[in-house]
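Colleague: Here is the input, now give the coordinates:
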Amino acid sequence: MSLIQKYIWLVKTIHRAGRITLKELNEKWRDNTDLSRGESLPRQTFDRWKGGVLDLFGIIIDCEQRGGYHYYIANPKVLESGELKAWLLDTYGTAVTLSGCLSIHDRILTENIPSSQEFLSTILDAMKTSVVLQITFHSFTMKKTETFLVEPYCVKMSAQRWYMLARNVDYNCLRLYSLDRLEHVELTDTSFALPNDFCAKEYFSEYFGIVLDERVPLQRIVLRADKYHQHYMRTLPLHHSQREVFACDDYADFELTLRPTYDFYMKLMSLGNMIKVLEPQSLQDKLCRWLENTAKLYVKASLDNEEVRSC
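Modeller: All right, here's what the predicted structure looks like:
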């Protein structure tokens, strides 16, 4: 097991416990034979791991001396911020858990993320060194591939796909490129300067996912989730702006502020009758039109099948 995996185990174990003594921590370490092989956790090793956790993740493991020297996470907001460090902790934490379950690997089902390995590392290298990339891209809407230069600004994961936001040098504009539609990525010898005022989080903050359209106005949206789906809305918000404004036994209302683009409509459609749009009326009307067009497809298919059966 790598050192970073040990750091993850330490953070997760202390965070779950809230407060834990070194003796209790040592017992949990020994009990987890997949990781510890039954060996103890010496204090010197524990102290080194604490320092490593601080350097790598910025997480402070402190000691409360009264009542028996209990260790705890002194800055737990780092684990709850939803930023890269918290994501890495969750990802590596899952990897640590799964690494001890190879004997039941055929009963653990995961999801694939296209091209996350093939091109992501090269793009991240270009971002770190501010180097222009030459990419060969094949859009779903184009019949042929194109090769051009881009300046990589940031990457974003959405719906099991990685996307790169980059400035197209030829067109001098920012565009999103899905990594699973890249056929080739190559570092060039040309450098670029990332604008000082660019903030990746702010750039996407008004949108649901990766469909960006400034022509769509920023709107206050109120959704009503039924008695069952309201729990899913609480535990996995649709957007960072989401807040609960009302709740009862039968439903809960949630308010969001965003630009409702195509992918947001698709998300609402996928939730079916578990979600109802209360505001604005324009969003209600558009969803109604989508639902009517969808119903027409199935009505036509049903009539076609009836004709076939009657022949």
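Colleague: My read is that Lys286 contacts Tyr265, right?
Modeller: Yes - using Cβ atoms under 8 Å, Lys286 is in contact with Tyr265, at 6.8 Å. Glycine gets a C-beta too; all of them are placed from N, C-alpha and C.
Colleague: Contacts for stretch 269-287, please.
Modeller: Where contact means Cβ atoms under 8 Å, 6 or more residues apart in numbering, the residues beyond stretch 269-287 that reach it are 219-226, 228-229, 253, 260, 265, 268, 290-291, 294.
Colleague: Can you give the distance of stretch 169-176 from its chain's centre?
Modeller: The gap between where stretch 169-176 is centred and where its chain is centred comes out at 25 Å by Cα atoms, centre = their mean, to the nearest Å.
Colleague: on that earlier part again, next step: the contacts of stretch 269-287 restricted to strands.
Modeller: Counting by DSSP state E, the part of the contacts of stretch 269-287 found in strands is 219-226, 253.
Colleague: Tell me which two of these sit farthest apart.
Modeller: Pairwise distances across those peak at 22.6 Å for Gln219 and Asp226 (criterion: Cβ to Cβ).
Colleague: and the contacts of stretch 269-287, which are buried?
Modeller: By neighbour count, with 16 or more other Cβ atoms under 10 Å, the contacts of stretch 269-287 hold 221-225, 229, 253, 260, 265, 268 as buried.
Colleague: got the residues you listed as TSV, with distance to Ser241 and pLDDT columns?
Modeller: Shown next, in TSV, are the buried ones among the contacts of stretch 269-287 (distance: Cβ to Cβ, whole Å; pLDDT from 0 to 100):
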residue	distance to Ser241	pLDDT
Ile221	9	97
Val222	12	98
Leu223	12	97
Arg224	17	97
Ala225	16	97
His229	19	95
Asp253	14	98
Pro260	12	95
Tyr265	17	93
Leu268	16	94
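Colleague: from the residues you listed, which is closest to Glu27?
Modeller: Sorting the buried ones among the contacts of stretch 269-287 by distance to Glu27 puts His229 at the head of the list, at 40.6 Å, by Cβ to Cβ.
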